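**Q** Please find the sequence and the predicted model below.
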Amino acid sequence: MSKAPPLFDELRKLATEQRNPNSMEIDTASVTRILEIMNSEDKLVAEAVGTQLEYIGQAVDLIVNAFRSGGRLFYAGAGTSGRLGILDASECPPTFGTDPEMVQGLIAGGLPAVFQAQEGAEDKEENGAQALIEAGVTATDVVCGIAASRRTPYVIGAVKYARSIGAKTLFITCTPRENFSIDVDVAMCPVVGPEVIMGSTRMKSGTAQKLVLNMLTTASMIRMGKVYENMMVDLQMTNAKLVERSKRTVMTVTGISYADATTLLESAGGHVKTAIVMHLADVDQAEAVRRLGEASGFVRPAIEDVAYMPD
């Protein structure tokens, strides 16, 4: 009998590769019962993420510090993890008005892997390092590895390279912290338990990763002054929906009519944040822009015309 290779034994021990006792009979269950099982397991995900808030907060601090120094955030992942990173990165420009370079997602196998699995692309550490080199990652950037199993070579290679050049490093995984030995600045380890379908980490693990990614960029953008109260005020009016959302935001904050909001946005160059400051502080566009600059982009202190830098 041939001996199983080390990878087989490694996979066998991973938390993400265990069988879920709650779904053992799912193959013969009714559709309703299948969905009940999945829903019950999904409810565990938010709780698992909640155990990691301290570490997610530490990661946000590193990201914000990088942004304020002109650095960027890079995600590196394979398969579902890589696609989630790309999704989160791609949503930042329209949501927060950021430069597309500010948050970037890298996936094993490159762009084709976003749409179709590229088998074997994740199996070499050097591929992850090369992806960061080609992206021009520097010591001022933050690199976040995403791997449910924590063992994906492409991701490990990316993180190792990032550390070697002095970049800050993060890692999102669904394996227990006590089993995590990769050298990074901050690891986030929401343990969601065995998947409903053994090893299918596109399910609970993927959901957990998406929740963490939402927190990383949203909290970071809030700390960069991209939100006023609980509204997006740096969004780009790049389609009809965002144009109307911009007008509604201005109307909600200021109480003015649709027509007046349209006119105000035009005079503000289509920038929601500037329009709000213009109206609430009763100043022109140039003065609103100056105030926002003094206030580090935050609306509240800009209205009051005070310099501001969040802790």
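**A** Nice, thanks for sending it over. Numbering: from 1, shown residues only.
**Q** For the stretch 1-150 of the chain, which segments count as helices?
**A** Across the stretch 1-150 of the chain, reading from the start of the chain, the helices by DSSP state H, counting those that start in this stretch fall at 6-13, 31-50, 53-68, 79-96, 112-115, 125-135.
**Q** N127 against I107, yeah?
**A** No: under the criterion of CB atoms under 8 Å, N127 is not in contact with I107, lying 10.5 Å apart. Yep, even glycine has a C-beta here, placed from its N, CA and C like the rest.
**Q** rewinding a little: save the helices of the stretch 1-150 of the chain as CSV, and put in mean neighbour count and distance to M203 too.
**A** Compiled in CSV, the helices of the stretch 1-150 of the chain are given as follows (neighbours: other CB atoms under 10 Å; distance: least, CB to CB, whole Å):
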stretch, mean neighbour count, distance to M203
helix 6-13, 10, 17
helix 31-50, 14, 8
helix 53-68, 18, 21
helix 79-96, 21, 9
helix 112-115, 14, 19
helix 125-135, 18, 24
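**Q** how much distance is there from the helix or strand hosting R163 to the middle of the chain?
**A** Using DSSP states H and E, the secondary-structure element containing R163 is helix 153-164. Put simply, helix 153-164 sits 18 Å off its chain's centre (CA atoms, centre = their mean, to the nearest Å).
**Q** which residues sit against it?
**A** Taking contacts as CB atoms under 8 Å, 6 or more residues apart in numbering, the residues outside helix 153-164 that touch it are 74, 76-78, 81, 106, 108, 121-129, 131-133, 137, 141, 143, 145-147, 168-169, 171, 182-184.
**Q** Mark which of the residues you listed are part of strands, please.
**A** Applying DSSP state E to the contacts of helix 153-164, the entries found in strands are F74, A76, G77, L106, V143, G145, I146, K168, T169, F171.
**Q** Could you tell me how many residues sit around the closest residue to the second one other than its chain neighbours?
**A** Sequence neighbours aside, A158 is the residue nearest to A76 in space, at 3.7 Å (criterion: CB to CB, 6 or more residues apart in numbering). Other residues lying near A158 total 34 when counted by other CB atoms under 10 Å.
**Q** what's the answer for H279, then?
**A** Using other CB under 10 Å, H279 has 21 other residues around it.
**Q** Wait, it touches S267, no?
**A** No: if you go by CB under 8 Å, H279 and S267 don't touch, sitting 10.0 Å apart.
**Q** do you know how far the residue positioned nearest the centre of the chain is from Y75?
**A** When the chain is reduced to its mean C-alpha position, the closest residue under CA atoms, centre = their mean turns out to be L213, at 2.9 Å. Taking CB to CB, to the nearest Å as the measure, L213 falls 8 Å from Y75.
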